[in-house]
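**Student:** for reference, the sequence and a predicted model appear below.
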Amino acid sequence: MGGLRPVGLPCVSVVVRLAGQRYAAGVCNLYGSTREDAIQKYWRPRNSVAWPGGFVGPRKPGAFLRRANDDPSYSRELVIGRWGLIPWFSKTADIKYATNNARSEELAQKASFKLPWARGQRCIIPADWFDEPNWESGKNEWWRFRRADGDPWGLAGIWATWTDKASGEIHESYTMLTANADAHPLMRRMHKPDPKLGPDDQDKRSVISIEQADVDQWLAGTVSEALQLLKVPPVEIIAAGPSSR
């Protein structure tokens, strides 16, 4: 397929243990967070947080970039937060339901996401790679997705700040946005098909890549301008293949 090449990275298991918990590596549930030196090179935030990068699973810390809260003009800041957005109405920071992914088509309606979306609380999630499950053989085979140009991904997300009313502790969090990929020549091949649905009704999903030329529009533009960027990455920029055989 044009623009694709196998990543060829060995993987001894499809389950990764992070800080004592186990996560299935798929459905946008595992990615490799970019180290801070590369984040500084590609996105130039105004601050430093000494982020080492590495595996990130749901409810675990990850790095993201946003428009700086205290800058009345415009600058970018790097933040460490929980991958899994904590809604403003939550009574605890340790929410159990999944908020690490959000369908971009539902942002304005979903209770957990509609307020940060309306406020323009958009972010970039730097990622060296992300994993997706391929079920074409009848069983799961994990595929790893990198950029064909060797740069890190800048994945679209939204962020929120939640404050514990009892302790005053502030929690930063974020979610990764997805778009329908039924028409995409590569991403439509990922994820387990639902046997109850026809081939044209599967709602296959993909992450959304914000290209360097569009970063300012994504972080500082209007909601209408941000909507223009909610697209599946073109197949030509993707380098993907099985990460284990």
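**Tutor:** Yep, it's here. All of these numbers come straight from a predicted model, not from anything done at the bench.

**Student:** flag the shaky bits of the protein, pLDDT-wise.
**Tutor:** The chain contains residues with pLDDT under 70 at 1-28, 199-200, 244-245.

**Student:** longest single strand anywhere in it?
**Tutor:** Determined from DSSP state E, the single longest strand within the chain is strand 122-134.

**Student:** next, the residue most central in space within the chain: secondary structure please.
**Tutor:** Central residue of the chain (CA atoms, centre = their mean): residue 176, 3.4 Å from the mean position. In three-state terms, and counting by DSSP: H, G, I helix; E, B strand; the rest coil, residue 176 is strand.

**Student:** so what's it up against?
**Tutor:** Contact analysis of residue 176 by CB atoms under 8 Å, 6 or more residues apart in numbering lists 28, 83, 100, 101, 102, 125, 155, 156, 157, 207. Yep, even glycine has a C-beta here, placed from its N, CA and C like the rest.

**Student:** picking up where we left off before, tell me which helix or strand comes right after the longest strand of the chain.
**Tutor:** Next in sequence after strand 122-134, counting helices and strands by DSSP states H and E, comes strand 141-147.

**Student:** in a strand, residue 217, correct?
**Tutor:** No. Using three-state DSSP, the assignment for residue 217 is helix, not a strand.

**Student:** quick check: chain neighbours aside, which residue is closest to it?
**Tutor:** What sits nearest to residue 217 in space, not counting adjacent residues and going by CB to CB, 6 or more residues apart in numbering, is residue 225, at 5.4 Å.

**Student:** now swap in residue 63 and tell me
**Tutor:** Using CB to CB, 6+ apart, the closest residue to residue 63 is residue 51 (4.7 Å).

**Student:** any figure for the gap between the one you found and residue 34?
**Tutor:** Plainly put, residue 51 is 8 Å away from residue 34 if you go by CB to CB, to the nearest Å.

**Student:** residue 59 now?
**Tutor:** From residue 59 to residue 34 the distance is 20 Å (CB to CB).

**Student:** ok, these two, which is more surrounded?
**Tutor:** residue 34 (25 against 21; other CB atoms under 10 Å).

**Student:** spit out the contact partners of the more buried one.
**Tutor:** So residue 34 contacts 42, 53, 63, 126, 127, 128, 152 (CB under 8 Å, 6+ apart).

**Student:** okay, and the beta partners of the fifth one?
**Tutor:** Going back to what we said before, that points to residue 127. Counting by DSSP bridges, residue 127 is bridged to residue 33, residue 153.

**Student:** count of residues packed around it?
**Tutor:** Residue 127: 24 neighbours (other CB under 10 Å).

**Student:** hang on, the earlier thing: can you report how many residues lie near the residue nearest to residue 63?
**Tutor:** So residue 51, with other CB under 10 Å, has 21 neighbours.

**Student:** in the longest helix belonging to the chain, what's buried?
**Tutor:** Longest helix in the chain, counting residues (DSSP state H): helix 36-43. Within helix 36-43, the residues scored as buried using 16 or more other CB atoms under 10 Å are 36, 39, 42, 43.
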